[in-house]
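Participant: With the sequence up front, the predicted model follows.
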Amino acid sequence: MNHMPSKSRAEAAIGDQLINAEADSVPEPRAPQFSSRSIAIVTGLSLVLIAFNLRPVFSSASALLPEIIAQTGLSSFGAGVLTTLPVVCLGIFAPLAPRLAQRIGAERTLLGVLLLLALGTALRGLQSLPFLFIGTALAGACIAIGNVLLPGLVKRDFASSTGLMTGLYTMALCAGAATAAGFTLPLQRMLGGSWSLALGAWALPALVVAAIWFPHAFFRKVRTKHAGFKVEGLWRDRLAWQVTLFMGLQSALAYCIFGWLSPILRERGMDGVTAGLVVSVSVMVQVFACLFVPSIAVRCKDQRGVNLALIALAITGLMGFLFAPLSTVWVWAVLQGLGQGGLIAIAMTIIVLRSPDAHIASHLSGMAQCIGYMLAAVGPLLVGLIHSVTGSYAATAILFVLLGIGVAFFGWGAGRAAHVNARTIAI
């Protein structure tokens, strides 16, 4: 394997964390020339609002899982399937994003994503278990495509302010998750105790943002693109698999938190509103970790030590949630948020640092997201299975520790200062 260039090369990667899904397209996408500053501001705000809508599907259902189980008779395993379903869709549908963007344009694809996301979310409001699962799957598929395309648009359209937009984009993702975690249960009480209406209400923000995005999607010229490059050797490379498994296992922990932290705390005796607030605080702490961890990581000789420190924080926080007195829950919320947020950020950073060029970075990102999210889906499913078998969430501590060991192992390998042994070939 080739060793990395100087530290200055690594520092430059901070501005490249948003990986363009259209990197292999010919001609390559160019940044637009905005006719006025106000249009640029509206475009940037629209992208941030789109990011906000890519996470409520996960944390809104988590906040109401006890009510859904009680009112529908859904088993703990069924609840595990419900929390796992959108994560599975992240892996299955992510590869479609570049193809759709090349065919109809990234802007129009994102408009379709917003409209179908609103439809899927609205289906969850019909108080029907089949529609709850169908709507969740549709929303998950839309989020998968948005996850891939939105960062590339941010990077392309705001090349001179990538750092600022990276921070705003990350904060919007976390804010969407935190808002849904904190406000879904109060919303349910405002709507007469209907869990379905509370879930379906999150379709409204997606519809509003779709209306804002509509002019940008349909009044901008779209150029047809075709693939001009391919990458060879990536799927046979050991380091690429270490990066992928590091991404997948840390994502499994993250989606266990999104899907099950509120029910875990409520089973321990915490009221639903406070449990949702704890999840909200933990997710918002992730924002700060996402902002400062990458800048620390790229200044290190390698990222192995940082990876181990972050997983230690995340697992410590999870053990606190499970076993420590509830009076100390805010401490664990901060620790777990710092660890989990840092892991998410450094997983994306490592994709860039382990890649010798933008084309390989794009393909490594696709590999890590496709395989990683499929692996991540196992985490929430196992939590539901363990609870259905034991009748308690305490036994999930074994699962969290095993996941932590896996993250540490593959994080040690992925953190080495080397490049994946792959090459870009023009076609």
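Facilitator: Here it is on my side, so go on.
Participant: Residue 143: what's it in contact with?
Facilitator: 54, 55, 57, 86, 89, 90, 113, 117 (Cβ atoms under 8 Å, 6 or more residues apart in numbering). To be clear about C-beta, it is placed using only N, CA and C from the backbone, and glycine gets the same treatment.
Participant: In helices, which of the residues you listed fall?
Facilitator: Judged by DSSP state H, helices contain the following of the contacts of residue 143: 57, 86, 89, 90, 113, 117.
Participant: Specify which member of the contacts of residue 143 is nearest to residue 288.
Facilitator: Comparing the contacts of residue 143 against residue 288 with Cβ to Cβ places residue 55 closest, at 16.9 Å.
Participant: From one end of stretch 408-421 to the other, what's the distance?
Facilitator: Chord length of stretch 408-421, first to last residue, is 22 Å (Cα to Cα, to the nearest Å).
Participant: quick one on the thing from earlier: most neighbours of all the contacts of residue 143, which one?
Facilitator: residue 117 (31 neighbours; other Cβ atoms under 10 Å).
Participant: And that residue, how far from residue 54?
Facilitator: 8 Å (Cβ to Cβ, to the nearest Å).
Participant: which neighbours do these two share?
Facilitator: 143, 146.
Participant: Adding distance to residue 144, write the contacts of residue 143 out as a markdown table.
Facilitator: What follows is the contacts of residue 143, written out as a markdown table (distance: Cβ to Cβ, whole Å):
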| residue | distance to residue 144 |
| --- | --- |
| 54 | 10 |
| 55 | 13 |
| 57 | 11 |
| 86 | 9 |
| 89 | 6 |
| 90 | 4 |
| 113 | 9 |
| 117 | 11 |
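Participant: Tell me the one of those residues nearest residue 97?
Facilitator: Of the contacts of residue 143, the one sitting nearest to residue 97 (Cβ to Cβ) turns out to be residue 113, at 9.0 Å.
Participant: For the closest one, give me the pLDDT.
Facilitator: Residue 113 is assigned 95 on the pLDDT scale.
Participant: give the contact list for it.
Facilitator: 142, 143, 145, 146, 149.
Participant: which one is residue 355 nearest to, not counting chain neighbours?
Facilitator: Take residue 355 and drop its neighbours on the chain: the residue closest to it by Cβ to Cβ, 6 or more residues apart in numbering is residue 361, 3.7 Å away.
Participant: Could you give the number of residues near the one you found?
Facilitator: 23.
Participant: go on, residue 41?
Facilitator: 11.
Participant: Helix or strand for it, just tell me which one.
Facilitator: helix 37-52 (DSSP states H and E).
Participant: Name the residues of that helix that are buried.
Facilitator: 40, 42, 43, 44, 46, 47, 48, 49, 50, 51, 52 (16 or more other Cβ atoms under 10 Å).
Participant: just stretch 82-101 next, same as before
Facilitator: 82-95, 97-98, 100-101.
Participant: Next one: residue 289 from residue 359, what distance?
Facilitator: Residue 289 is 29 Å from residue 359, by Cβ to Cβ.
Participant: so where do the strands sit in the stretch 301-427 of the chain?
Facilitator: 423-426 (DSSP state E, counting those that start in this stretch).
Participant: Mind jotting down where the strands sit in the stretch 51-200 of the chain?
Facilitator: So, for the stretch 51-200 of the chain - with DSSP E, counting those that start in this stretch - there are no strands.
Participant: Residue 46 is in contact with residue 211, isn't it?
Facilitator: No - between residue 46 and residue 211 there is no contact under Cβ atoms under 8 Å: 10.3 Å.
Participant: any idea whether residue 269 is helix, strand or coil?
Facilitator: Three-state assignment for residue 269 (DSSP: H, G, I helix; E, B strand; the rest coil): coil.
Participant: check contacts around the closest residue in space to it that isn't next to it in sequence.
Facilitator: With sequence-adjacent residues excluded and distances taken as Cβ to Cβ, 6+ apart, residue 269 is closest to residue 326, at 6.7 Å. Residues near residue 326 by Cβ under 8 Å, 6+ apart: 265, 268, 269, 270.
Participant: Per-residue pLDDT of the first one, please?
Facilitator: In this case it means residue 265. 94.
Participant: Mind checking what helix or strand follows whichever strand or helix holds it in sequence?
Facilitator: Here residue 265 sits within helix 238-267, counting by DSSP H and E. Using DSSP H and E, the helix or strand that follows helix 238-267 in sequence is helix 272-297.
Participant: quick one: buried residues of that next one?
Facilitator: 272, 275-291, 293-294, 297.
Participant: repeat for stretch 393-402
Facilitator: In stretch 393-402, counting by 16+ other Cβ under 10 Å, buried: 393, 396, 397, 399, 400.
Participant: ditto for stretch 199-210
Facilitator: So stretch 199-210, judged by 16+ other Cβ under 10 Å, has buried residues 199, 200, 201, 202, 203, 205, 206, 207, 209, 210.
Participant: Keep only those of the residues you listed that are in helices.
Facilitator: Using DSSP H, the buried residues of stretch 199-210 in helices are 199, 200, 203, 205, 206, 207, 209, 210.
Participant: which residues touch the residue lying closest to the second one once chain neighbours are set aside?
Facilitator: In other words, residue 200. Among residues not flanking residue 200 along the chain, residue 125 sits closest, at 1.8 Å (Cβ to Cβ, 6+ apart). Residue 125 is in contact with 196, 197, 199, 200, 201, 203, counting by Cβ under 8 Å, 6+ apart.
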